[in-house]
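Enquirer: this is the structure alone, sequence omitted:
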């Protein structure tokens, strides 16, 4: 019985020599315990969700103010001068910059409307003063002639379009009040 070492022969069955004792009883939790665990997990999830909501709703620390709509428009208008060699692209870009500025500055939905729709809405709006409405109407009409009627303006006319857009932005930009000056002492400095 050389090949059966470690096995004991009993009647007709081979049984391993090292038998292990019976294991202890299994711990089966009652349904109440599972419900308590589920409730605890639900409360933990609710707390995490509430914390996440609070974190997103808290006031943000004031950051350094970025450039305002007027500054952005003037920067973009300066860059648009590089397109003067292509009048249609130039007129499209300058018109787009002016419309975007008006939307950012006054809340007018200029980029989403045709020139006719926008100018009709502008007649009832108090956002711009009458001279600026006139300037804007002439500016947008001239841009549309270049964009849609294929008018080929010369360099001087393109400069006028650009100047009208710059003037519109500069004249309608919010004015920052000047810092008050401290009065000089009477009698001069010593």
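Expert: Perfect, I can see it now. All values reported here derive from a predicted model rather than from experimental measurement.
Enquirer: C-alpha only now, for contacts and for neighbours.
Expert: Will do.
Enquirer: check which residues of the longest helix along the chain are buried.
Expert: Determined from DSSP state H, the single longest helix within the chain is helix 31-57. Within helix 31-57, no residue is scored as buried using 16 or more other CA atoms under 10 Å.
Enquirer: just the mean pLDDT for it, thanks.
Expert: Helix 31-57 comes out with an average pLDDT of 89.
Enquirer: helix or strand right after it?
Expert: helix 69-80 (DSSP states H and E).
Enquirer: mind listing the helices for this structure?
Expert: 31-57, 69-80, 87-106, 115-124, 130-148, 155-172.
Enquirer: list the contacts of the second one.
Expert: By CA atoms under 8 Å, 6 or more residues apart in numbering, the list of residues contacting helix 69-80 from outside reads 90, 93-94, 97-98, 101, 104-105, 162, 165-166, 169-170, 173.
Enquirer: list the buried residues of that helix.
Expert: 69, 70, 73, 74, 77, 80.
Enquirer: who's in contact with residue 81?
Expert: 90, 162.
Enquirer: and the contacts of helix 69-80, which is closest to residue 138?
Expert: Closest approach between those and residue 138, by CA to CA: residue 165, at 10.6 Å.
Enquirer: please report the distance of residue 54 from residue 42.
Expert: Residue 54 sits 18 Å away from residue 42, taking CA to CA, to the nearest Å as the criterion.
Enquirer: and if you look at residue 150?
Expert: Taken as CA to CA, the span from residue 150 to residue 42 is 67 Å.
Enquirer: excluding sequence neighbours, find me the nearest residue to residue 165.
Expert: Nearest residue to residue 165 in three dimensions, chain neighbours excluded: residue 98, at 6.3 Å (CA to CA, 6 or more residues apart in numbering).
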